[in-house]
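Participant: return a 3D structure for these sequence lines:
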Amino acid sequence: MKRSTEPETPSRPNLRPTALVVVAAAVCALVLALLVSGIAGLWDIDSFDRPITDQVPGLRNPALTNMMLFASAFGDAVYLWFMGPLILVALGVYRNWRALAVYSAAFVLTPIIVRLIKGWVARPRPTVDLYGGVEAFSFPSGHATNSTLIYGALALLAFMTLKGALRWSVVGVLCFLILLIAASRIYVGAHWPSDTLAGLALGGLVLCGLGMVTEYPANTRATAFAATGLALTGPIYALLSLPAARVLYHALG
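Facilitator: Below is the predicted model of the structure:
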């Protein structure tokens, strides 16, 4: 049997799992629409929020409080304004121009959209006087929205470029971090549960948009660069921010 002498074309990963992304986007849009309808008074959103929020004080203890403050720091705007550009630098260094352009637009516009919605809805936080200006308002959670976008983008990059157990380990850790940040915002009294759920849905919706329009690199270098940056700097920032967080959330004890 004659063997072909033509060079093999390197295989590329399945760059856009379109069906999965469309389903995820539909779920996020449905959840967001449901919560917005509750905010608009079409159903009693307090009946969803109050039973959860009322249980939180009984769960608090010093060790759990420290853990939740530590987790919440990963969603701070200060740190995400470092982490987002780190992902963009990785994409730029490896000449992934399409991804760089789309990610840049999403990373810049999403926080602006969150602030505009906060100012329009003007929903008071469970704990008043935590923040000033438009950040005094609660819906949606900026921590949850922006963390879902930034860490979700890194998870999407990992899913597209890594393989085997490493792929699922990195994606799993990042998804857990997103959920933990969202839970921490309820724990510290900064948000109602519906605020964080709306943030997860809004961030997820933007993330699905990235998944549908972005072509990802065929190598793992960008993923490794950004993930290593998170692993090295995230815990340091969270530890350094703990004293200020304890002062801000002093009512937690």
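Participant: C-terminal to the host helix or strand of S47, what's the next element?
Facilitator: Element membership for S47 (DSSP states H and E) is helix 46-53. The helix or strand immediately downstream of helix 46-53 is helix 62-73, counting by DSSP H and E.
Participant: against which helices or strands is that next one packed?
Facilitator: Contacts defined by 3 or more C-beta pairs under 8 Å, 6 or more residues apart in numbering; DSSP states H and E place helix 62-73 against helix 164-187, helix 221-248. No exception for glycine: its C-beta is placed from N, CA and C like everyone else's.
Participant: any buried residues in whichever helix or strand comes after the shortest one, and which?
Facilitator: Spelled out, that is helix 164-187. With elements assigned by DSSP H and E, the helix or strand that comes after helix 164-187 is helix 193-213. Going by neighbour count (16 or more other C-beta atoms under 10 Å), the buried part of helix 193-213 is 193-208, 210-211.
Participant: what would the helices and strands packed on helix 62-73 look like in CSV with distance to K118?
Facilitator: Output for those, formatted as CSV (distance: least, C-beta to C-beta, whole Å):
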stretch, distance to K118
helix 164-187, 14
helix 221-248, 18
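Participant: just send the ones you listed back as CSV, with mean pLDDT too.
Facilitator: Below are those laid out as CSV (pLDDT from 0 to 100):
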stretch, mean pLDDT
helix 164-187, 95
helix 221-248, 92
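Participant: ok now the helix holding S47, how far from the chain's centre?
Facilitator: On the basis of C-alpha atoms, centre = their mean, to the nearest Å, helix 46-53 is displaced by 23 Å from the centre of the chain it belongs to.
Participant: what are the buried residues along that helix?
Facilitator: Those buried within helix 46-53 under the rule 16+ other C-beta under 10 Å are 48-49, 53.
Participant: what inclination does it have with respect to helix 164-187?
Facilitator: 100 degrees (axes from the mean of the first three to the mean of the last three C-alpha atoms, to 10 degrees).
Participant: what's next to helix 46-53, contact-wise?
Facilitator: Residues from elsewhere that reach helix 46-53 (C-beta atoms under 8 Å, 6 or more residues apart in numbering): 38, 126, 186, 192-194.
Participant: same question for stretch 239-251.
Facilitator: With C-beta under 8 Å, 6+ apart as the test, stretch 239-251 has contacts from 65-66, 69-70, 72-73, 76, 127, 130, 188-190, 252.
Participant: and those, which are buried?
Facilitator: Those of the contacts of stretch 239-251 that meet the buried threshold are 65, 69-70, 72-73, 76, 130, 188-190, 252, by 16+ other C-beta under 10 Å.
Participant: mind putting those into a markdown table with pLDDT and distance to L230?
Facilitator: As requested, the buried ones among the contacts of stretch 239-251 are exported to a markdown table (pLDDT from 0 to 100; distance: C-beta to C-beta, whole Å):
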| residue | pLDDT | distance to L230 |
| --- | --- | --- |
| T65 | 93 | 23 |
| L69 | 95 | 18 |
| F70 | 96 | 14 |
| S72 | 96 | 16 |
| A73 | 96 | 13 |
| D76 | 95 | 14 |
| L130 | 72 | 26 |
| V188 | 92 | 22 |
| G189 | 91 | 27 |
| A190 | 91 | 23 |
| L252 | 67 | 26 |
